[in-house]
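Chemist: Turn this into a structure:
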Amino acid sequence: MSKPNESAEPARDGAAAPSPDRPRAERKERGDDGKVTAFHIHELRVLHSGARSIFVLMFILAAALIAYIAIRVFLLRDVRNYLEFGSLCLFAVACSALCVGQLFCMRRIRHGAREKIERMTFVDDLTGVYNYRFLEQRLFQELQRAVRHGSHLSVIYFDIDRFKGVNDSFGHEAGNEVLRRVADTCRVSARGEDFVGRLGGDEFLIVLPETDSSGALIAAERVKTRLNEADYAGPSGEPIDFLGFSMGVASCPASGETPADLIRAADEAMYRAKKSGGNRVCL
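Modeler: All right, here's what the predicted structure looks like:
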């Protein structure tokens, strides 16, 4: 998938002290990712509407010229002014060619608009991985398929230990760079059939189709090792070496058969990993 990585939204503090009585999945609103603003939708609609209006005008002009030429030739038998007649024919052909070109242009605009809307809807601008909206929809589809075929499905839910220290010590842009590096590392560590997303703040989710709990634990340990081996640096190149990654694993059908159940179970497992000292994987 493509990687926008052009937004520089402030990194939010995902490491605030959690309330011990319930997991974070039940305490946190995740409506911030994947929003399609009315401005962008209006912009795309105006662009497409303008191209369509030009096409209609050119089509009407070409049709009128062709009708005029046909009347003069076939009804009035008036072809005495060959220069005028030839000029009109050439102009009609040019208008027709412009109509065809405008039609292709409209198709490209429509295709580009669709891609832009999908990107704004399903991709996290900061990290280039999927956002919560896409993850929820895709996880629902994968769960339906797993239940229908009696196969396994697992998720890895994790956040960054001591991420607040990055923002406090090095600034929010350094926090953004850490989030991008974490997302890139997860992406290259995942299999082709897996998909990685950012739930919000410093929380990420990896969905593992056709994977049972034991396989998910192995995958989580592999991802955690690569995340710990990655280099994280501040704005002046100073190393950020105090991070850890607490991960929770949940599987279908043992942990539930809905996205909410599976994410909640993985969130609870991640919270147990944090309470046990962090930078570890719990089932």
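
Chemist: Would you list the phi and psi of Phe158?
Modeler: The phi and psi torsions at Phe158 (degrees, to the nearest 10) take the values phi -150, psi 160.

Chemist: List the contacts of it.
Modeler: Taking Cβ atoms under 8 Å, 6 or more residues apart in numbering, we find Phe158 in contact with Glu203, Phe204, Ala220, Val223, Lys224, Phe245, Ser246, Met247, Gly248, Met270. To be clear about C-beta, it is placed using only N, CA and C from the backbone, and glycine gets the same treatment.

Chemist: for these, which one is nearest Cys89?
Modeler: Phe204 (63.9 Å; Cβ to Cβ).

Chemist: Is that closest one in a helix, a strand, or coil?
Modeler: In three-state terms, and counting by DSSP: H, G, I helix; E, B strand; the rest coil, Phe204 is strand.

Chemist: how deep is it tucked in, by neighbour count?
Modeler: Phe204: 28 surrounding residues under other Cβ atoms under 10 Å.

Chemist: part of a strand, is Ala250?
Modeler: Yes - assigned with three-state DSSP, Ala250 falls within a strand.

Chemist: That one touches Leu262, doesn't it?
Modeler: Yes - with contact defined as Cβ atoms under 8 Å, Ala250 counts as touching Leu262 (5.2 Å).

Chemist: who touches both of these two?
Modeler: With Cβ under 8 Å, 6+ apart, Ala250 and Leu262 have common neighbours Val155, Gly256.

Chemist: residues in contact with stretch 260-279?
Modeler: 18, 23-26, 139, 143, 153, 155-159, 161-162, 205, 224, 228, 244-252, 255-256, 280-283.

Chemist: For ChimeraX, what selects the buried ones among those residues?
Modeler: Here is the ChimeraX command that selects the buried residues among these (16 or more other Cβ atoms under 10 Å):
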select :23,24,25,139,143,153,155,156,157,158,159,161,205,224,244,245,246,247,248,249,250,251,252,255,256,280,281,282,283
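
Chemist: Counting only strands, which of the contacts of Phe158 make the cut?
Modeler: Using DSSP state E, Glu203, Phe204, Phe245, Ser246, Met247, Gly248 are the members of the contacts of Phe158 that sit in strands.

Chemist: In contact with the last one, which residues are there?
Modeler: Read it as Gly248. Counting by Cβ under 8 Å, 6+ apart, Gly248 has contacts 156-158, 265-273, 281-283.

Chemist: now, among the contacts of Phe158, which is nearest to Leu179?
Modeler: The shortest approach to Leu179 among those belongs to Phe204, at 8.8 Å (Cβ to Cβ).

Chemist: Which residue ranges of the stretch 151-283 of the chain form strands?
Modeler: 153-161, 195-200, 203-209, 244-252, 281-282 (DSSP state E, counting those that start in this stretch).

Chemist: hmm, back to that, can you tell me which of the ones in strands among the contacts of Phe158 is nearest Leu103?
Modeler: Taking the ones in strands among the contacts of Phe158 together and measuring to Leu103 by Cβ to Cβ, the closest member is Phe204, at 43.4 Å.

Chemist: low-confidence ranges in this protein?
Modeler: For the chain, applying pLDDT under 70 flags the ranges 1-52, 54-55, 69-70, 72-88, 102, 106, 109-120.

Chemist: okay, now Ala233: neighbour count?
Modeler: Ala233 sits with 15 neighbouring residues when counted by other Cβ under 10 Å.
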